[in-house]
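[1] take this sequence and fold it.
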Amino acid sequence: MTKNKKTNYQVVVFVTDWCPHCQHMQEHTWTNQHVINAIKPYYNSQPAFVVCSKPQNRHFVTEFGLDRYPTVVIMDEDHNIEKEANNLSPEELVRFLEEF
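    All right, here's what the predicted structure looks like:
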C-alpha cells in the first residue's frame, strides 16, 4: 500500500483524566523534543487529544473500539485508523511515528 504524505494524516490521542499512564505520557512523552520533531510532518504538526472521560466524547470509545488508555492512533481524513498503539515511551512513540 502506498502511503500519502503524512500531512494527510492526523495523530489522535485518546486519554482519560483518571488514567495515570495518560498523565505520565503527557508529562514525559509529549514534551520530549524527539517526539515533537517526529510529529511535525503530520497534519497540524501536533496531536489532537480527545478526553474520553468527558460525556461529550464517550461516543469515541464505541466508535473506535477503545479499551486501553492512552491510545495513540494515526488516522486518515475519513477517520479510518491506519496505525494504533498504547502507552508508549518517547523512544517507542518516535519509532511509531517515523515508521508510518
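
[2] for Cys19, which non-adjacent residue is spatially closest?
    Nearest residue to Cys19, sequence neighbours excluded (C-beta to C-beta, 6 or more residues apart in numbering): Tyr69, at 4.4 Å. Where C-beta positions appear, they are placed from N, C-alpha and C, glycine not excepted.

[3] where does the one you found land on pLDDT?
    Per-residue confidence at Tyr69 stands at 97 (pLDDT).

[4] got it, and Lys5?
    pLDDT, Lys5: 86.

[5] make sure Val13 is indeed in a strand.
    Yes. According to DSSP: H, G, I helix; E, B strand; the rest coil, Val13 belongs to a strand.

[6] so how many other residues sit close to it?
    Summarising burial for Val13: neighbours were counted as other C-beta atoms under 10 Å, giving 20.

[7] so where's the chain shaky on pLDDT?
    Scanning the chain with the threshold set as pLDDT under 70 gives 1-4.

[8] ok, which stretches of it are helices?
    Using DSSP state H, the helices assigned to the chain run over residues 20-24, 33-39, 59-63, 90-98.

[9] go through those helices and pick out the most buried.
    Of all these, helix 90-98 has the most neighbours on average by mean count of other C-beta atoms under 10 Å, namely a mean of 17.

[10] what helices or strands is that helix leaning on?
    Judged by 3 or more C-beta pairs under 8 Å, 6 or more residues apart in numbering; DSSP states H and E, helix 90-98 is in contact with helix 33-39, strand 71-75, strand 81-86.

[11] thinking again about what came up before, of all the helices of the chain, which lies closest to Val11?
    Proximity to Val11, assessed across the helices of the chain by C-beta to C-beta, is greatest for helix 33-39 (5.8 Å).
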